Every structure is written in C-alpha cells, then in structure tokens.
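Enquirer: return a 3D structure for these sequence lines:
(one chain, ligands or ions: 2)
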Amino acid sequence: MTFFRRSLQSSKSNSTTSISSLYATPNSVDTLTPEFVPEVIDDELNSLHFKFTNFALDDEVVDIASETATEASGVATMKTSPSLRTGSDVKWCVLLVGLPASGKSTVVRQLKQYLTTGTKQKCRVEIYNAGNVRRSQHPKRADSGFFEFGSTSTNGRLRETFARDTLAMLLGDLQNDHVDIGILDATNSTRERRKSLLEQIHAVSPSTNIQTLILEVQCTNKSMRRFNIERKAQNADYIHIPRDVAVKDFFNRVQVYESHFEPVSAQELASLKLPYLSMINVGEEIIYNFENAKQTDFSLEDPIFLLICSFVTEYRTQYAPTYLMTLKSFYASEYAPLVSTPLAFAATSAETASTQ
Ligand SMILES: Nc1ncnc2c1ncn2[C@@H]1O[C@H](COP(=O)(O)OP(=O)(O)OP(=O)(O)O)[C@@H](O)[C@H]1O
Ligand SMILES: O=P(O)(O)OC[C@H]1O[C@](O)(CO)[C@@H](O)[C@@H]1O
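Expert: Ligands and ions are numbered 1, 2, ... in the order given. The predicted model follows:
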C-alpha cells in the first residue's frame, strides 16, 4: 500500500497550536493554510495525513503527573463539491470515537449546526448521547469507579447496554425518517464495541439505506485537555462536588479509558469497511482513511460526506480560534493547580441530567 503524508515542516513533539498566532490573525486563512509538499511515508493507518504546523501552544500547563501526551504525527486538506444533497433517501450514521473530554460533544454540536445550515434543504441532524442515556437510566452518581471495562464487569455491561439503547434511538429515527443524519456520541473505545454497533446498524440496513462513518476526536495537547477536564468537572456528574475532587475524579476517568482504549487501526477499518476521519487538537492535525469505502456502495462524492470532510478541514480556521482564546483566558486568570491532598469523592445520588 502507498501511504501519503503532507507536512509543512518537520513535526515537533506535542501540540504546536499557538494561541497567540491564531487570535492575532483570526481571519487570515492564508497565513493559516500554507502550501503543503506531499511526501510518501509509511503509516499504520494507511491514511492521508495533513498536519497544520504553523501554530504552537505557548506553554504546556500540567498539574497531574500521570498525564501523558502523544506525539503529533499527521497531516491534510480536502476540497468539497459545491453541490448539496437534495431529496436522496440515503441516511447517515456518524459513530464518534474519542476519550472522555477530547471534545466530542462540542465538535458534533458544531457539526450539527454546520450541516444544518450548509444544506439547501436543511437536512435534519440529531445527536444521540450515551452519557445522557446513562444519566437518565442509571441516576446514581457515576464517579470514576463506575467506568469499568470488560464483559465480566457489571458497569462495563451496563455501559454497553446504554450505548446500544442510544444507537437504537438513533436508528429508529433514521428508519422513521425523523432525521437524515444521526450522530452517536459515546467514546466507543474498544474494537468489540465498534464491531457490535456496526452489526446493530447492519441489522436495520436492509430496510434503510444507511451510510456509516467513524469520526474520531482526539485531544493530545495537555493544556487543552486540562482545560476540557476542568469544564467536564462542572457537568451533571459532578453537581455539588467540590471542584478539586471533581477534576481529579475526571482525570481518573480519563486514565481508566486510556488504559482500555483500542485505537482505530487500518486492519479494523478494513474489516468494518468504514471510512474514517480523525481530528486532533481542534484541527491541528487531520487523519483520514477512505480506502475501505471503495469496497462498498459508499460514494465519496456524496454531498453530506463532502460536507463532513469540509467541516473537519475548516475546523481550525472556523472554530478553533474561539476555543483557543477561551483557553488563553483560562490560563491567564482562572487556572489554579489542584490541591495535593487526596480528596474522597462524595458518593451521593446524582440528579438526573439531560445535558452534558
Ligand atoms: N472544540 C472545542 N471548542 C470549544 N470548547 C471545547 C472544545 N473541545 C472541548 N471543549 C471544552 O471542553 C469541555 C469538554 O468537551 P466535551 O464535552 O465536548 O468532551 P467529550 O469528548 O464529549 O467528553 P465526554 O466523552 O466525557 O462526554 C467542553 O465542555 C468545552 O468547554
Ligand atoms: O460507553 P462509552 O462509549 O464509554 O460512552 C459513554 C460514556 O462516555 C462519557 O461521556 C465519558 O465521559 C460518559 O458520560 C458516558 O457514560
């Protein structure tokens, strides 16, 4: 197989997204989208990688020793067709993949808006969030201890059920023509989970023409992840829990997920026959693999598919600057290291919540 990589300059370790360069020139697409020189590389994902390297995070701010950052490695750009979907009976299922606090829910809320406003006939997009289903079906407060993995663990099995129930709602809405694009918002961290979700989709596919795509949202930048976790510690799982306790607990949750997370591989994509898109650090890097879509009736020219691709490629210029400004202001004023004394999670019953 031939692998391609496009890069602007040699990749640095960790993220290179610069807050100041971005917000100093928020409208200057030219300075943010330089020419790339293609080069052939070996890559496990068999993907076209595009890396945008002209922004660098000024400082790495980390106060949890166990935090790790992965080496940045990717590349990319794609052009969309101007034509938009009109009246086709194809439905879409977008399966998210990504660790907790990587930004999945935020990104797909923006994707929903992008798709809704970007289609002439206002295609109907809905997000189905497994965390919300969990909170409604299992109203006990879920501290990090809840997030076990494996078929022998009660909570692990429960989470599989919540994910299946969430997908069932999505598929029901596609089948009943209530929506055109359903997005499954869950971490979908293991190969077994992804395989089982696809089987569930295939079970309804004979009656409904459903195209499925994996969209991964990654956050490998420590400062971004620290900020995201601070925000997650204010969500419905942590009502009335002190900030330090909540942040530490969410870190623990992330670590549990990290230790069980099975990255999407080229082999897996070949076996699932699914197209794959991954956005890393709010668009600093994009990885994609559309190889396997060719073996199916999937059309790479499909206007919805092209819109999703253009959303991902435009993300760093259209959406990232606002986020990076918020990040900068967080570290300038709000950020405080966690207290070092261990604090127990107050396990009280949680309020049922319907939002993240
Ligand atoms: N791209 C982004 N733009 C703006 N804010 C973001 C972005 N990514 C993350 N955040 C911030 O980080 C917080 C956590 O992100 P988000 O809830 O989207 O993560 P998640 O991957 O869906 O987490 P989980 O799997 O735990 O539900 C958000 O509430 C938001 O404040
Ligand atoms: O079952 P999965 O794929 O881990 O995803 C659902 C879980 O992801 C989370 O959003 C992780 O933070 C939880 O709220 C939710 O229960």
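Enquirer: in the stretch 51-200 of the chain, which residue sits closest to ligand 1?
Expert: Closest residue of the stretch 51-200 of the chain to ligand 1, CB to the nearest ligand atom: Gly103 (2.8 Å). Heads up, the C-betas are built off the backbone N, CA and C, glycines and all.
Enquirer: hmm, that residue is touching Asn228, no?
Expert: Yes: shown here, Gly103 and Asn228 form a contact pair, counting by CB atoms under 8 Å, at 6.2 Å.
Enquirer: residue of the stretch 251-356 of the chain nearest ligand 1, please.
Expert: In the stretch 251-356 of the chain, the residue that lies nearest ligand 1 is Tyr323 (3.6 Å; CB to the nearest ligand atom).
Enquirer: excluding its backbone neighbours, what's nearest the residue of the stretch 51-200 of the chain closest to ligand 1?
Expert: The spatial neighbour of Gly103 that comes closest, neighbours along the chain excluded (CB to CB, 6 or more residues apart in numbering), is Val217 at 5.2 Å.
Enquirer: sorry, back to before: what is in contact with Gly103 and Asn228 at once?
Expert: Cys219 (CB atoms under 8 Å, 6 or more residues apart in numbering).
Enquirer: figure out the helix or strand that the residue in the stretch 1-150 of the chain that ligand 2 sits nearest to lives in.
Expert: Nearest to ligand 2 in the stretch 1-150 of the chain, going by CB to the nearest ligand atom, is Gly131, at a distance of 2.7 Å. Element membership of Gly131 [criterion: DSSP states H and E] is helix 130-137.
Enquirer: mind listing what's buried along that helix?
Expert: 130-135 (16 or more other CB atoms under 10 Å).
Enquirer: hang on, the earlier thing: next, count neighbours for the residue of the stretch 51-200 of the chain closest to ligand 1.
Expert: 21 (other CB atoms under 10 Å).
Enquirer: list the contacts of it.
Expert: Shown in contact with Gly103 (CB under 8 Å, 6+ apart): 217, 219, 224, 228, 282.
Enquirer: picking up where we left off before, just the buried residues of helix 130-137 now: which is nearest Ala266?
Expert: Closest approach between the buried residues of helix 130-137 and Ala266, by CB to CB: Ala130, at 26.0 Å.
Enquirer: which SS state does Glu301 fall under?
Expert: Assigned by DSSP: H, G, I helix; E, B strand; the rest coil, the conformation of Glu301 is coil.
Enquirer: and the pLDDT at it?
Expert: For Glu301, the pLDDT comes out at 84.
Enquirer: does Arg253 touch Phe147 like I think?
Expert: Yes: between Arg253 and Phe147 there is a contact under CB under 8 Å: 5.4 Å.
Enquirer: extract the CA atoms of stretch 188-195 and return them as PDB.
Expert: Extracted as PDB, the C-alpha positions of stretch 188-195 are listed here (Å, rounded to 0.1, in the frame of the first residue of the first chain):
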ATOM      1  CA  ASN A 188     -16.700   3.800  21.500                       C
ATOM      2  CA  SER A 189     -13.300   3.000  22.900                       C
ATOM      3  CA  THR A 190     -13.000  -0.700  22.000                       C
ATOM      4  CA  ARG A 191     -13.000  -2.700  18.800                       C
ATOM      5  CA  GLU A 192     -15.600  -5.000  20.200                       C
ATOM      6  CA  ARG A 193     -17.900  -2.100  20.900                       C
ATOM      7  CA  ARG A 194     -17.400  -0.600  17.400                       C
ATOM      8  CA  LYS A 195     -18.000  -4.000  15.800                       C
END
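Enquirer: what is the burial count for Arg231?
Expert: Other residues close to Arg231 by other CB under 10 Å number 16.
Enquirer: ditto for Thr313
Expert: Applying other CB under 10 Å, we find 23 residues neighbouring Thr313.
Enquirer: could you report the neighbour count for Glu160?
Expert: Using other CB under 10 Å, Glu160 has 18 neighbouring residues.
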